[in-house]
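**Q** quick check, what structure comes out for this input:
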Amino acid sequence: MTKHPKDPGERPERPQSAEPPEIVLDDPAADIEAAMRDALSAVEAVEADAPQGNRQTPPSSSSGAARNQSADPAMSGTSETSEASETSEIDTLRREIADLRDRSLRTLADFDNFRKRAERERQEVRRYALLEPLRDFLPIADNLERALQAGGSAEDLKRGVELILRQMQELLRRFGVREVGADGEAFNPMVHEAVARTESDQVTMPTVTETLVRGYMLHDRLLRPAMVKVAVPPESAGTRQAQESSPRQSSDGGRGEPAA
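**A** The predicted structure follows:
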């Protein structure tokens with residue numbers, strides 16, 4: 001039994017190219033710029049695979065069409081129509097790929113411009129963030145200069161400095177700055193910094209007795225801790241002896257000294 005020659009009008013199967021990488025854009029933490037570059041890579045991969053499908057045609061089909069062209073004009077016309085349709089489809093795909101590539105490049109360029117513009121604006125905001133507060137502090141500097149240039153007694157100068165101090169404190173309150181409470185309060189290492197320590201039998205817990213440098217808070221954040229003197233309750237004799245003997249025991253390897 002003889003095998004019939006392959007029909008020259010049959011369309012050759014296209015080789016299945018590798019699928020482009022999947023691009024996930026739903027993840028809110030995904031990098032937009034990386035996603036756009038993946039999209040551009042996918043478009044280039046599809047563009048590279050398109051001509052290969054056009055070139056890979058079975059040789060038997062072309063040779064069979066050449067041998068049977070004179071024998072079967074109808075089959076030859078069908079083959080030419082199929083090839084023309086396939087060429088038109090490939091041209092359409094190429095135009096779509098070129099359009100997608102152009103839009104991807106434009107999107108990448110727009111995103112890069114947005115990123116650079118946002119970085120410039122952020123640097124400008126950081127540079128001029130203190131513009132308004134410093135403008136409000138200028139009248140205080142002007143008043144200090146007037147106080148230094150004004151004549152009068154020491155009492156008048158003191159009264160003028162007190163007025164400037166009240167003006168300064170009012171401005172700090174307007175900005176949300178408040179003073180850290182210290183005198184007579186329990187020592188709080190989160191907002192207090194102890195620079196002196198004394199024993200007193202009038203307290204039962206570490207207590208601030210004097211403020212050396214005032215501390216300040218900005219809303220709920222510490223600007224500067226208050227430097228204070230702290231009074232602590234006196235230690236008992238047993239506690240003091242235990243603290244004095246502990247270094248001696250550690251130096252002796254934990255054996256201790258024999259009792260006298």
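**Q** and residue 203, how far is that from residue 194?
**A** Shown here: residue 203 relative to residue 194, a distance of 14 Å by C-beta to C-beta, to the nearest Å. Every C-beta, even on glycine, is put in place using the N, C-alpha and C of the backbone.
**Q** list of residues touching stretch 184-194?
**A** 180, 182, 205-209, 215, 217, 222, 225-230 (C-beta atoms under 8 Å, 6 or more residues apart in numbering).
**Q** farthest-apart pair in these, please.
**A** Pairwise distances across the contacts of stretch 184-194 peak at 22.6 Å for 205 and 217 (criterion: C-beta to C-beta).
**Q** so for the two, which residue has more residues nearby?
**A** Set residue 205 next to residue 217 and count neighbours by other C-beta atoms under 10 Å: residue 217 wins out with 17 against 9.
**Q** contacts only, for the more buried one.
**A** Residues near residue 217 by C-beta under 8 Å, 6+ apart: 177, 178, 179, 180, 191, 223.
**Q** repeat that for 7 Å
**A** 178, 180, 223 (C-beta atoms under 7 Å, 6 or more residues apart in numbering).
**Q** partners of the nearest residue to the last one once chain neighbours are set aside in the sheet?
**A** In other words, residue 223. Nearest non-adjacent residue to residue 223, counting by C-beta to C-beta, 6 or more residues apart in numbering: residue 216, 4.4 Å away. Beta-bridge partners for residue 216, by DSSP bridges, are residue 179, residue 224.
**Q** and residue 216, how many neighbours does it have?
**A** Burial of residue 216 is recorded as 15 neighbouring residues (other C-beta under 10 Å).
**Q** correct me if wrong: it contacts residue 226.
**A** No. Look at residue 216 against residue 226 with C-beta atoms under 7 Å: they stay out of range, at 8.4 Å.
**Q** residues in contact with the residue nearest to residue 223?
**A** Going by C-beta under 7 Å, 6+ apart, residue 216 touches 177, 178, 179, 180, 223, 224.
**Q** and those, which two are furthest apart?
**A** Maximum pairwise distance in the contacts of residue 216, criterion C-beta to C-beta, is 12.1 Å, between 178 and 224.
**Q** and for residue 40, the neighbour number?
**A** Burial of residue 40 is recorded as 17 neighbouring residues (other C-beta under 10 Å).
**Q** what helix or strand does it sit in?
**A** helix 32-55 (DSSP states H and E).
**Q** try residue 211
**A** strand 207-213.
**Q** helices or strands up against that strand?
**A** Contacts defined by 3 or more C-beta pairs under 7 Å, 6 or more residues apart in numbering; DSSP states H and E place strand 207-213 against strand 226-232.
**Q** what angle sits between the strand it packs on and strand 207-213?
**A** With axes from the mean of the first three to the mean of the last three C-alpha atoms, to 10 degrees defining the directions, strand 226-232 sits at 150 degrees from strand 207-213.
**Q** tell me the strands beside strand 226-232, with direction?
**A** If you go by DSSP bridges, strand 226-232 pairs up with strand 192-199 (parallel), strand 207-213 (antiparallel).
**Q** can you redo the ones you listed as TSV with mean neighbour count and mean pLDDT?
**A** As requested, the strands paired with strand 226-232 are exported to TSV (neighbours: other C-beta atoms under 10 Å; pLDDT from 0 to 100):
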stretch	mean neighbour count	mean pLDDT
strand 192-199	14	92
strand 207-213	16	92
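**Q** so for the longest helix along the chain, what's the average pLDDT?
**A** Determined from DSSP state H, the single longest helix within the chain is helix 73-127. In this model, helix 73-127 has a mean pLDDT of 84.
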